[in-house]
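Peer 1: Fold the following, please.
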Amino acid sequence: MAAGLGAGGRGAGGSQRGPAAAAGQRPGTAGAAAEGAAAGLRRHRHPRRRHRRPGAGGGGGRDPRPARRGRTAVRTVEVSAERPYRVRIGAGVRSELVELVAGADRVALVHPQVLSGQARELAAGLDARVTDITVPDAEQAKTAAVLQSCWDTLAAAGFTRSDVVVGLGGGATTDLAGFVAATWARGIGFVTVPTTVLGMVDAAVGGKTGINLPAGKNLVGAFHEPLGVLCDLDLLAGLPAADVRAGLAEVVKCGLVADPQILSLVEDDPADAQDPGSARLAELVERAIAVKAAVVSADLRESTSQGRAIGRELVNYGHTFGHAVERVEGYRWRHGDAVSVGMVYVAELAEVVGLQQPALRDRHRSVLTTLGLPTRYSGASFEALLEAMRLDKKTRGSTLRFVALEDLAVPTILSGPEEAALREAHRRVAG
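Peer 2: Model (predicted):
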């Protein structure tokens, strides 16, 4: 890790039913809120389709120049949790960082080496003493050793509770930067500037921060809400195609659990959905963020899932098996790729236990395949994956719990499935 003083202004150096109706949720629960957010965005010209549709088998390393063929309007999504904040979505919104850190004497800018050029650009516009903290790329940044190094850098620079940490990068970078902010002086200000699709639609929104352990992913962390989130769509320029696809797995997840219009947008033109300069991708990002924001506004700390009422656990759809894949693969798999397989696994599991119809399982495979995302995994034994799943945060005691779907956008909690069902779902995914 490299650390030093950067250039700053003062210093050098389907179903039409939603989850509320289906799960018997009261107004205000996370599932109902997500459905409301999705309804508020149903303005696109593409018609919604049910899952039983015809044809369904059921300086720095990145170019910071504008990617958009036509500039889309800047959108704002409000997150009304314990400490309300705004998510700004649009081309050029990273310039608003100046306002978010106004009044701070020192700003720590945490980023991977590949984004050094963008980090210098951001630092140059700030009226603060900027401490540059370069961290490893991807999940390699989320370790106790890297966290300790960040703390040491803040101590050397004299950071106090009035100062701010900024995370510039993908989801792993913003997870780490947020945890640095959450733990320094018992919590200081934090801003996320995500630079990947995955970072924008998942990690940057919701206040979850943390690092990994050899025993499992995100086992050490804290809830720490940011001062704001700046999703600058220009920063997607030059993002590798594989990373765009991986991020879209989390977008598809939001479509499956809350906003089916997302699936129609993807299915109508998968290539356009993967184009960093398209209006379609911009809308997909906005819709997914709206789903996530509504869920965390209603249930920041994952405390309301009881019976058929789903709280923040809703956005963990596909993550139980997905995190297990990441762990057994030593975090070499992209998170979105693992979640893609995880969603197919839980769809197979739900079909095995009679919770959902095969057509919905088939639509999972269809929409993910059309994006080029993986839907099979045979790299580890069932026993190894089961051991990893038992460390999932949704587990209660020795009881495995999965977010599952009864129908499109009709979620439920599948608790304690029989091992025979778990094995059969694994066989289907591995085959």
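
Peer 1: Could you use CA atoms for every contact and neighbour count after this?
Peer 2: Fine.

Peer 1: I figured V367 hits L265, correct?
Peer 2: No: counting by Cα atoms under 8 Å, V367 does not reach L265; the two are 10.5 Å apart.

Peer 1: show me the contacts for L391.
Peer 2: When contacts are counted by Cα atoms under 8 Å, 6 or more residues apart in numbering, L391 touches A215, G216.

Peer 1: about what we covered before: so V367 and L265 - more neighbours on which side?
Peer 2: Neighbours were counted for V367 and for L265 using other Cα atoms under 10 Å; L265 has more, 24 against 21.

Peer 1: I'd like to know which elements the helix or strand encompassing the more buried one is packed against.
Peer 2: Element membership for L265 (DSSP states H and E) is helix 261-268. Helix 261-268 sits against helix 241-257, helix 279-298, helix 358-370, with contacts defined as 3 or more Cα pairs under 8 Å, 6 or more residues apart in numbering; DSSP states H and E.

Peer 1: so can I have a markdown table of these showing distance to D127 and mean pLDDT?
Peer 2: Shown next, in a markdown table, are the helices and strands packed on helix 261-268 (distance: least, Cα to Cα, whole Å; pLDDT from 0 to 100):
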| stretch | distance to D127 | mean pLDDT |
| --- | --- | --- |
| helix 241-257 | 33 | 97 |
| helix 279-298 | 30 | 93 |
| helix 358-370 | 44 | 97 |
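
Peer 1: could those helices be laid out in TSV, adding distance to T143?
Peer 2: Output for the helices and strands packed on helix 261-268, formatted as TSV (distance: least, Cα to Cα, whole Å):
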stretch	distance to T143
helix 241-257	22
helix 279-298	25
helix 358-370	30
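
Peer 1: Nearest to V220, out of these?
Peer 2: V220 lies closest to helix 279-298 among the helices and strands packed on helix 261-268, at 19.4 Å (Cα to Cα).

Peer 1: Look at R68 and report its pLDDT.
Peer 2: R68 carries a pLDDT score of 47 in this model.

Peer 1: Compute the number of surrounding residues for W151.
Peer 2: Quick note: W151 (other Cα under 10 Å) scores 16 neighbours.

Peer 1: One more: the one 5 residues further on?
Peer 2: Counted by other Cα under 10 Å, the residues lying close to A156 total 10.

Peer 1: cool, and G431?
Peer 2: G431, neighbours per other Cα under 10 Å, totals 8.

Peer 1: any idea of the pLDDT on it?
Peer 2: Note on G431: pLDDT of 86.

Peer 1: List the contacts of it.
Peer 2: R376, S378.

Peer 1: Check G199 too.
Peer 2: Here G199 is in contact with G169, G170, G171, A172, T174, G247 (criterion: Cα under 8 Å, 6+ apart).

Peer 1: Now do the buried residues in stretch 321-332.
Peer 2: F321, G322, H323, A324, V325, E326, R327, V328, Y331 (16 or more other Cα atoms under 10 Å).

Peer 1: and the last one, helix, strand or coil?
Peer 2: Secondary structure for Y331, judged by DSSP: H, G, I helix; E, B strand; the rest coil, is coil.

Peer 1: give the contact list for it.
Peer 2: Contacts of Y331 (Cα under 8 Å, 6+ apart): E139.

Peer 1: again with the second one
Peer 2: With Cα under 8 Å, 6+ apart as the criterion, the residues that contact G322 are H335, A338, V339, S340, V341, G342, M343.

Peer 1: So, low pLDDT: which residues of the stretch 201-350 of the chain?
Peer 2: Flagging of the stretch 201-350 of the chain using pLDDT under 70 yields the residue ranges 300, 302-309.

Peer 1: coming back round to it: now the helix holding L265 against helix 358-370, angle please.
Peer 2: Calculated by axes from the mean of the first three to the mean of the last three Cα atoms, to 10 degrees, helix 261-268 forms an angle of 60 degrees with helix 358-370.

Peer 1: Could I get the CA-only coordinates of helix 261-268 as PDB?
Peer 2: Extracted C-alpha coordinates of helix 261-268, given in PDB (Å, rounded to 0.1, in the frame of the first residue of the first chain):
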ATOM      1  CA  GLN A 261     -39.200  -4.200 -15.400                       C
ATOM      2  CA  ILE A 262     -35.400  -4.600 -14.900                       C
ATOM      3  CA  LEU A 263     -35.700  -8.000 -16.500                       C
ATOM      4  CA  SER A 264     -37.600  -6.700 -19.500                       C
ATOM      5  CA  LEU A 265     -35.000  -4.000 -20.000                       C
ATOM      6  CA  VAL A 266     -32.200  -6.600 -20.000                       C
ATOM      7  CA  GLU A 267     -34.100  -9.100 -22.200                       C
ATOM      8  CA  ASP A 268     -35.100  -6.500 -24.800                       C
END
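
Peer 1: Can you report how many residues neighbour the closest residue to D275 other than its chain neighbours?
Peer 2: Leaving aside its chain neighbours, D275 sits nearest to L281 (6.7 Å; criterion: Cα to Cα, 6 or more residues apart in numbering). Residues near L281, counting by other Cα under 10 Å, number 24.

Peer 1: That's all I had, so thanks and see you.
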